[in-house]
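K.L.:
Build me a model from this:
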Amino acid sequence: QVQLAESGGGLVQAGDSLRLSCAGTGRTFSNYALAWFRQAPGNEREFVAAMSPSGVRTTYADSVKGRFTISRDNAKNTEYLELNSLKPEDTAVYYCAAGSASYSTLPNTPTLYSYWGQGTQVTVSS
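P.N.:
The predicted model follows:
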């Protein structure tokens, strides 16, 4: 079992950058695919990015491709999301998630991730 806790959110201006962290507990952290999702008020939870256990494979939502970077440090049981060139439409609660790495492609569906953090708010002002 894995427990996750996000940090690093905040209020920034359009064009600024943020780095979100997700600290995990559990000896099997390195066995899981990791992902970031976000949810804005009134919207469904939206896929942002995912990474394989080794970090070799990544996938991104088209809306963040080229601006956001997912990474992980298995020695520190930590996942990161670097957010650059932020836009007001990036405003949301950001969640980290961990799930099975057995799928042939990295999942982008929330239901395929078993473990979730509590979320961290990112607000981008124009």
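K.L.:
Tell me how many other residues surround the closest residue to residue 34 other than its chain neighbours.
P.N.:
Leaving aside its sequence neighbours, residue 34 sits nearest to residue 79 (CB to CB, 6 or more residues apart in numbering; 4.6 Å). C-betas here are computed from N, CA, C, even on glycine. The local packing of residue 79 (other CB atoms under 10 Å) involves 29 other residues.
K.L.:
Grab the most central residue of the protein for me.
P.N.:
The chain has residue 36 as the residue nearest its centroid, 2.0 Å off, counting by CA atoms, centre = their mean.
K.L.:
Now do the contacts for it.
P.N.:
20, 22, 48-50, 68, 70, 79, 81, 94-97 (CB atoms under 8 Å, 6 or more residues apart in numbering).
K.L.:
Just the closest of the residues you listed to residue 30, please.
P.N.:
Nearest to residue 30 out of the contacts of residue 36 is residue 79 (CB to CB; 10.9 Å).
K.L.:
I figured the closest one hits residue 97, correct?
P.N.:
No - when contacts are counted by CB atoms under 8 Å, residue 79 is not listed as touching residue 97 (9.2 Å).
K.L.:
any chance of the contacts of residue 36 in JSON lines, with distance to residue 120 and secondary structure too?
P.N.:
Conversion of these to JSON lines gives the following (distance: CB to CB, whole Å; DSSP: H, G, I helix; E, B strand; the rest coil):
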{"residue": "20", "distance to residue 120": "6", "secondary structure": "strand"}
{"residue": "22", "distance to residue 120": "9", "secondary structure": "strand"}
{"residue": "48", "distance to residue 120": "13", "secondary structure": "strand"}
{"residue": "49", "distance to residue 120": "15", "secondary structure": "strand"}
{"residue": "50", "distance to residue 120": "18", "secondary structure": "strand"}
{"residue": "68", "distance to residue 120": "14", "secondary structure": "strand"}
{"residue": "70", "distance to residue 120": "15", "secondary structure": "strand"}
{"residue": "79", "distance to residue 120": "12", "secondary structure": "strand"}
{"residue": "81", "distance to residue 120": "10", "secondary structure": "strand"}
{"residue": "94", "distance to residue 120": "5", "secondary structure": "strand"}
{"residue": "95", "distance to residue 120": "8", "secondary structure": "strand"}
{"residue": "96", "distance to residue 120": "9", "secondary structure": "strand"}
{"residue": "97", "distance to residue 120": "13", "secondary structure": "strand"}
